[in-house]
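>>> Build me a structure from this.
(4 chains, ligands or ions: 2)
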2 protein chains.
Amino acid sequence: MFSKACEYAIKACIFVAKSSMQNNRVTPKQIAEEINSPVAFTAKIMQELVKSDLVDSYRGAYGGFEIDKAKIDQISLSKIVKVIDGEKLYDGCGLGLDVCNENHPCPVHYQYKTIREDLKQLLDSTNLKQLALGIENGLSYLKT
Amino acid sequence: MFSKACEYAIKACIFVAKSSMQNNRVTPKQIAEEINSPVAFTAKIMQELVKSDLVDSYRGAYGGFEIDKAKIDQISLSKIVKVIDGEKLYDGCGLGLDVCNENHPCPVHYQYKTIREDLKQLLDSTNLKQLALGIENGLSYLKT
DNA sequence: TTTAAATAAGATAAATATATCCGAATTAAA
DNA sequence: TTTAATTCGGATATATTTATCTTATTTAAA
Ligand code: SF4
Ligand code: SF4
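Ligands and ions are numbered 1, 2, ... in the order given. Predicted coordinates:
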């Protein structure tokens, strides 16, 4: 479904969001510890998220990553997925045809279409605030 | 969604099924031509499908691949996907937690669960006969 | 029995995804 | 101004996926 990098990105964002709601910046080391991921790889992914303006970073002592509190409920899963995995889950073909439209459908088009629509809907309508609250309330977990 | 190998496998099976319905065996070269895939890689994938008993192969002159006509509507997409990509799409976690169940859900569990159920349902209920007929009737295409 | 056409199998290569390492730049505080 | 903590960027390493090549084996028909 998602690439490993994207899984890490989603979990990292949830943790950074939760921390930011508590006014704490976090380091790659803390993130990796919290989501059970390789530190350096996670740091690389954070850089992409920063470049794409989903996360803010501050260098130097007492620095780290944070997300503007006012933006936390504006960041949907789809924004994160698009930054890391691109658009293919979003509008790619179930069977990877180059040309992919209603007039030239692949064999699974009719079955797959509604599922892709539902997935889009899910990714668009789920934001970091909801997910961070889920973690805070013990309804869900970032690692085993 | 699916790996490249799995996309080729699905398309190849559809083409073999369609050909078998017309009593024609097909070679890897014909398959690759028809689904726009690399010949040798496609041949490797066909071997896995044969080993898993989804496809029959016949060596030597006038040989090739075919699917028992009586079995074509018994082969669901889920069987093919499981052979090539394994169970992870089927029961893996949206965010790749090692432990994945209702009591210890990942953050997207509640949103993702129904989509995964729908996808399962789709893969289980769609069989090669339906898909092959779709191609035959010009309702869908195997390549661009 | 010979030949040509075909799959099977194993080795190898190329491309991509995942992961690590290190030095440079930045910054707040002592 | 020095130090320690931090991100940034580039280089490198490893693993996995995708793709190719080469040889052996099988088989139907001539
Ligand atoms: S399912 Fe439909 S939209 Fe998706 S690739 Fe196939 S034809 Fe294109
Ligand atoms: S979505 Fe649910 S079932 Fe899937 S990995 Fe997450 S917790 Fe597990």
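>>> So which bits of the strand or helix carrying A:Ile115 are buried?
Remark: A:Ile115 resides in helix A:109-125, with elements defined by DSSP states H and E. Buried positions in helix A:109-125, judged by neighbour count with 16 or more other CB atoms under 10 Å in any protein chain shown: A:His109, A:Gln111, A:Tyr112, A:Ile115, A:Arg116, A:Leu119, A:Leu122, A:Leu123. No exception for glycine: its C-beta is placed from N, CA and C like everyone else's.
>>> how would you label whichever residue of chain A sits closest to ligand 2: helix, strand or coil?
Going by CB to the nearest ligand atom, ligand 2 is nearest to A:Ser140 of chain A, at 7.3 Å. Here A:Ser140 is coil, with the state taken from DSSP: H, G, I helix; E, B strand; the rest coil.
>>> Least confident secondary structure element in chain A?
helix A:88-91 (a mean of 82; mean pLDDT, DSSP states H and E).
>>> and it, does that touch chain B?
Yes. Helix A:88-91 lies within reach of chain B by CB under 8 Å from any CB of the partner chain, at A:Leu89.
>>> Run through the neighbouring helices and strands of that helix.
Helix A:88-91 sits against helix A:77-85, helix A:109-125, with contacts defined as 3 or more CB pairs under 8 Å, 6 or more residues apart in numbering or on different chains; DSSP states H and E.
>>> Give the other helices and strands that the longest one contacts.
Here helix A:109-125 touches helix A:77-85, helix A:88-91, helix B:109-125, going by 3+ CB pairs under 8 Å, 6+ apart.
>>> who in chain A is up against ligand 1?
A:Cys93, A:Gly94, A:Leu95, A:Leu97, A:Cys100, A:Pro105, A:Cys106, A:Val108, A:His109, A:Tyr112, A:Lys113 (CB under 6 Å from any ligand atom).
>>> any chance of the buried residues of helix A:109-125 in JSON lines, plus pLDDT?
Shown next, in JSON lines, are the buried residues of helix A:109-125 (pLDDT from 0 to 100):
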{"residue": "A:His109", "pLDDT": "85"}
{"residue": "A:Gln111", "pLDDT": "79"}
{"residue": "A:Tyr112", "pLDDT": "85"}
{"residue": "A:Ile115", "pLDDT": "89"}
{"residue": "A:Arg116", "pLDDT": "88"}
{"residue": "A:Leu119", "pLDDT": "91"}
{"residue": "A:Leu122", "pLDDT": "91"}
{"residue": "A:Leu123", "pLDDT": "92"}
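>>> which regions of chain A lie under the pLDDT threshold?
Residue ranges of chain A with pLDDT under 70: A:96-100.
>>> Could you rerun that using 50?
Along chain A, segments meeting pLDDT under 50 are nowhere present.
>>> Which residue ranges of it form helices?
Using DSSP state H, the helices found in chain A span residues A:4-21, A:28-35, A:39-51, A:77-85, A:88-91, A:109-125, A:128-136.
>>> Would you mind listing what in chain A touches chain B?
Within chain A, the residues that sit near chain B (CB under 8 Å from any CB) are A:1-2, A:4, A:7, A:10-11, A:14, A:77, A:89, A:92, A:94-99, A:104-112, A:114-115, A:118-119, A:122, A:126, A:131, A:134-135, A:139-144.
>>> Name the residue most distant from the centre of chain A?
Going by CA atoms, centre = their mean, the residue of chain A most distant from its centre is A:Asn103, 32.3 Å out.
>>> show me the contacts for it.
A:Asn103 makes contact with no residue, according to CB atoms under 8 Å, 6 or more residues apart in numbering or on different chains.
>>> Same check on A:Asp73?
A:Asp73 neighbours (CB under 8 Å, 6+ apart): A:Asn127, A:Leu128, A:Lys129, A:Gln130.
>>> Next, find the distance separating it from ligand 1.
31 Å (CB to the nearest ligand atom, to the nearest Å).
>>> From DNA strand D, how far out is that residue?
When CB to the nearest atom of the strand, to the nearest Å is applied, the distance between A:Asp73 and DNA strand D equals 23 Å.
>>> swap in A:Glu66?
The value you get for A:Glu66 to DNA strand D, if CB to the nearest atom of the strand is used, is 10 Å.
>>> What is the neighbour count of that residue?
Other residues near A:Glu66 come to 19 when the count uses other CB atoms under 10 Å in any protein chain shown.
>>> That one contacts A:Gln22, correct?
No. Taking contacts as CB atoms under 8 Å, A:Glu66 lies outside contact range of A:Gln22: 10.4 Å.
>>> Make sure A:Phe15 is actually in contact with A:Val26.
Yes. Using CB under 8 Å, A:Phe15 is in contact with A:Val26, at 6.8 Å.
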